[in-house]
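Asker: predicted model follows, preceded by the sequence.
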Amino acid sequence: MEVDIVQDLRAKLSIAIEALRRAEERALPGQFALEVMHEVRNPLEAMGYLLHLASEEDDPKAVREYLRQANEQMATVHQIAAQTLGFARMLPTPQEVDLVELAEAALRIHHRRITAQKIHLVRDFTTATFAEVYTGEILQVVSNLLANALDALPEGGTVSLRLRKRGAQVQLLVADNGKGMAPDHMARLFEPFFTTKENRGTGLGLALSKKIIERHAGRIFARSSALPRRSGTTFRITLPAKRQTEAAATDL
C-alpha cells in the first residue's frame, strides 16, 4: 500500500514538474519581448532624431551623412531582433545553433539587472560553437543559471560566462564570486522544491535545468566554496557538439 502511494506521488510530481517547465517556456517569449523593447529604444530614438535632422537639412552632403547614421541604427535594431528573438521561439524539433549567440541572448535577458547591480561581466567565448538543441529550453537553462548567480552576488560582484568546444563536447560555464553554498546544500542542489532563497523562488529551476540538459544527452555539474577570498559557485554544462569548429579545444 505504501509503495503504491509513493509511486502515485512520484507520478504526480513528474506531471507537475513538466507542467511548470512548459509554463516557464510560455513565459520566456514575453520576457524577451520586454527586454528587446528596452534595448531597441535607444537606436530607434536615435534613428528618429537623425531622420528629423535630415529632413531639416539643405546641404546634400549633410543629408547623406544623417541617412548613413540612421541606417547604422536600423542595422543595430535588425541585429538585436535576429540574435535575440529567434531564440525565444519554442521549436518542436532541435535546431543546430551557435551557442555563442544563444549565450549572448541569455545575457540580454538580464542586461538591466547586471547594469543595476554594477556587475562585472566576464565573457569568454570561442568562435562559432555549434550544438543541436531545443533553443528555448537551453536558453531557459542558461538564463536560470545567470539569475541564480545574480541572486548570490552583492553590488559590484563578478559573473563569468565561458564557452568552449572540447573534442566531441561543448562546455558552458557560469560562475560567480558570491558567498558560496554549504556542502549539505550542494548535496540537495538539484532536488525538486529545494531552495536556499527562503521566500523567493520555487526550488524548481535547477531541477528543471538538470532534466533539460539530460534530455539533450548532456550533463550539469556544480561546485561551490564558502572559503574567504575563494568563495563562489560554478555550474558547468556539457552538451554533444554538432560539428567541428575552427576554435581551439581548451579546458574551462
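Answerer: Noted; the coordinates are in hand.

Asker: measure residue 147 to residue 120 for me?
Answerer: Counting by C-beta to C-beta, to the nearest Å, the gap between residue 147 and residue 120 amounts to 17 Å. Where you see a C-beta, it was placed from the backbone N, CA and C, and this is true even at glycine.

Asker: please say which of these two ends up with more neighbours.
Answerer: residue 147 (16 against 13; other C-beta atoms under 10 Å).

Asker: that one: what's it in contact with?
Answerer: 110, 205 (C-beta atoms under 8 Å, 6 or more residues apart in numbering).

Asker: so where does it fall, helix or strand?
Answerer: Residue 147 belongs to helix 135-152 when assigned by DSSP states H and E.

Asker: buried set for the helix or strand just after that helix?
Answerer: Using DSSP H and E, the next helix or strand after helix 135-152 towards the C-terminus is strand 158-166. Neighbour-count burial for strand 158-166 flags 159-165 (criterion: 16 or more other C-beta atoms under 10 Å).

Asker: just want the angle from whatever helix or strand comes next after strand 158-166 to strand 158-166.
Answerer: Next helix or strand after strand 158-166 toward the C-terminus (DSSP H and E): strand 169-176. With axes from the mean of the first three to the mean of the last three C-alpha atoms, to 10 degrees defining the directions, strand 169-176 sits at 170 degrees from strand 158-166.

Asker: quick one: strands adjacent to strand 169-176?
Answerer: Paired strands of strand 169-176, with direction, are strand 158-166 (antiparallel), strand 232-240 (antiparallel) (DSSP bridges).

Asker: tilt between that strand and helix 135-152?
Answerer: For strand 169-176 against helix 135-152, the angle by the same axes, to 10 degrees is 30 degrees.

Asker: list of residues touching strand 169-176?
Answerer: Applying C-beta under 8 Å, 6+ apart, the set of residues contacting strand 169-176 is 99, 103, 129-131, 142, 145-146, 149-150, 152-153, 157-165, 232-241, 252.

Asker: domain parsing for this protein?
Answerer: Residue ranges for the domains of the chain, per automatic domain parsing: 2-85, 93-240.

Asker: pLDDT of the last one, averaged?
Answerer: Taken as a whole, domain 93-240 has an average pLDDT of 87.

Asker: quick one: end-to-end distance for it.
Answerer: End-to-end distance of domain 93-240 (C-alpha to C-alpha, to the nearest Å): 16 Å.

Asker: what about the nearest residue to residue 212 once chain neighbours are set aside, distance to residue 192?
Answerer: Excluding the flanking residues, the one nearest residue 212 by C-beta to C-beta, 6 or more residues apart in numbering is residue 137, at 4.7 Å. Using C-beta to C-beta, we find residue 137 at a distance of 17 Å from residue 192.

Asker: ok, now which ones touch residue 138?
Answerer: With contact set as C-beta under 8 Å, 6+ apart, residue 138 has these partners: 99, 102, 131, 212, 216, 239.

Asker: neighbouring contacts of the helix or strand hosting residue 96?
Answerer: Assigned by DSSP H and E, residue 96 belongs to strand 95-98. The contact list for strand 95-98 (C-beta under 8 Å, 6+ apart) reads 87, 128-135, 242-243.

Asker: what's the ChimeraX syntax to select whichever of the residues you listed are buried?
Answerer: Remark: buried members of these, expressed as a ChimeraX selection using 16+ other C-beta under 10 Å:
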select :87,129,130,131,132,133,134,135,242
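
Asker: quote the end-to-end distance of stretch 108-125.
Answerer: End-to-end distance (C-alpha to C-alpha), stretch 108-125: 16 Å.
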